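Peer 1: Pasted the sequence and its predicted model underneath.
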Amino acid sequence: MKRINFIVEEANEGTRLDVFLAEQLELSRSQIAKIIAEGAVTIGDVVLTKNFRICANESIQVMLSLPAPLECVAQDIPLDFVYQDEHLAIINKPKGLVVHPGPGNPDGTLVNALLHHLKDSLSGINGIMRPGIVHRLDKDTSGLLVVAKSDAAHVALSEQLKSRTFSRRYTALICGSPKSDGGTIRTQIGRHKTDRLKMAVLREGGREAISHWQVVARYPGFTHINVQLETGRTHQIRVHMSALGHPVVGDTLYGGGTTLFERQNRTLIDGQCLHAQEIAFIHPISGEERTFTSDLPPYFGELLGKLESNT
């Protein structure tokens, strides 16, 4: 028997227990249903049912007798460590790097790299496939990501995400020119009703998603913006900017990638032009306020330079 603990991230709040565990453990829904029916899934002393709706920051315990379907191995993949101490590490994730193993990405991920560089110095919360992962970035989103080395740090950082005191500022290049110089987008976001690969703004259901955006610079046909996240839903910035009528440059899933400039520079763009540029939080052990920033990746700066030369 193997005991695995999961701390529920904000993005998964409200999800059915069986759906959540099927994704986390890479098992079928029928396998998960059997595990839950055997009373092997609990919160504290409470045995859960498969249709239980999980809440952010809850600690879910699973006793597994089944072998893990995937083995996460250490791989010597270069990582850009912005900062690290005995409790946490800050990684500047490059575009194109998947955060953790899953269907279609069994290895070559950030987690495989972390296991090589940090070895056993990672939080055990969230199981063998996501050790230390407190929050995630999409494959083609670059920038700053915090990794917990201890369970205590993981729990404290997750609580800051839940209470919205963990600050995350992104920078993006979007299509078109918004009428105003900034604003707040407040919607409900949930899974798209017909395309399960996408998220969508919903009139009913879903979960509250709030993004604060501000124009940095305007160019012919495009705008450079900063976005401050108040919540952290899956694909939140990409969905919100698409709903505003200004999809992120290169984001073909949500309406980007259609302009001549994007087609002419597809070797530079190769995915959404979105970068997690700044994070700020209270250090979970020392209590210090910490802020970390990241320079724009070279491709982003080169695109801005091309747009500037056209003005």
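Peer 2: Nice, I can see it.
Peer 1: ok, so what distance separates Thr311 from Glu288?
Peer 2: 42 Å (C-beta to C-beta, to the nearest Å). Just so you know, the C-beta spots here come from the backbone N, C-alpha and C atoms, and that holds for glycine as well.
Peer 1: now swap in Ala148 and tell me
Peer 2: 16 Å.
Peer 1: Now do the helices in this protein.
Peer 2: 17-25, 29-37, 110-117, 151-163, 236-243, 260-264, 266-269, 298-309 (DSSP state H).
Peer 1: Near the residue nearest to Tyr219 when sequence neighbours are not counted, how many other residues are there?
Peer 2: Spatially, and ignoring its direct neighbours in sequence, Tyr219 is nearest to Leu307 (3.9 Å; C-beta to C-beta, 6 or more residues apart in numbering). Other residues near Leu307 come to 21 when the count uses other C-beta atoms under 10 Å.
Peer 1: Over to Ile174?
Peer 2: 27.
Peer 1: which residues touch it?
Peer 2: Residues near Ile174 by C-beta atoms under 8 Å, 6 or more residues apart in numbering: Phe222, Thr223, His224, Ile225, Met241, His246, Pro247, Val248, Val249.
Peer 1: And the furthest pair within the residues you listed?
Peer 2: The span of the contacts of Ile174, defined through C-beta to C-beta, is set by His224 and Pro247 at 14.4 Å.
Peer 1: neighbours of Val155, just the number please.
Peer 2: 18.
Peer 1: ok, it touching Ile125?
Peer 2: Yes - applying C-beta atoms under 8 Å, one finds Val155 in contact with Ile125, separated by 7.2 Å.
Peer 1: Quickly list what's touching both of these two.
Peer 2: In contact with both Val155 and Ile125: Ile7, Ser59, using C-beta under 8 Å, 6+ apart.
Peer 1: neighbour count winner among Ala148 and Glu288?
Peer 2: Between Ala148 and Glu288, Ala148 has the larger neighbour count (other C-beta under 10 Å), namely 26 against 8.
Peer 1: Next, find the distance separating that one from Asp85.
Peer 2: 11 Å.
Peer 1: Could you do Ser242 as well?
Peer 2: Taking C-beta to C-beta, one finds Ser242 at 38 Å from Asp85.
Peer 1: The two - which one has more neighbours?
Peer 2: Between Ser242 and Asp85, counted using other C-beta under 10 Å, Ser242 has the larger neighbour count: 23 against 12.
Peer 1: mind giving me the domain split of this protein?
Peer 2: Here the domain parsing of the chain from automatic domain parsing is 2-64, 81-161, 167-309.
Peer 1: Tabulate the ones you listed in TSV, adding columns for distance to Gln75 and mean pLDDT.
Peer 2: Supplementary listing: the domains of the chain in TSV, determined by distance: least, C-beta to C-beta, whole Å; pLDDT from 0 to 100:
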stretch	distance to Gln75	mean pLDDT
domain 2-64	18	89
domain 81-161	4	91
domain 167-309	22	95
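Peer 1: And for Phe300, the neighbour number?
Peer 2: Other residues lying near Phe300 total 23 when counted by other C-beta under 10 Å.
Peer 1: Quick one: residues contacting it.
Peer 2: Thr171, Leu173, Cys273, His275.
Peer 1: And for Leu307?
Peer 2: So Leu307 contacts Tyr219, Pro220, Phe222, Phe261 (C-beta under 8 Å, 6+ apart).
Peer 1: let's see 10 Å
Peer 2: By C-beta atoms under 10 Å, 6 or more residues apart in numbering, the contact set of Leu307 is Leu173, Ala217, Arg218, Tyr219, Pro220, Gly221, Phe222, Thr223, His224, Val249, Phe261, Asn265.
Peer 1: Contact partners for His100?
Peer 2: 24, 72, 109-112, 114, 126-127, 129-133, 136.
Peer 1: if we go to 8 Å?
Peer 2: Thr109, Leu110, Val111, Met129, Arg130, Ile133, Arg136.
Peer 1: same thing with Val47?
Peer 2: Here Val47 is in contact with Gly39, Val41 (C-beta under 8 Å, 6+ apart).
Peer 1: for Gln188, which residues make a bridge with it?
Peer 2: Leu202, Glu208 (DSSP bridges).
Peer 1: For Gln272, see how far away it is.
Peer 2: Taking C-beta to C-beta, one finds Gln188 at 22 Å from Gln272.
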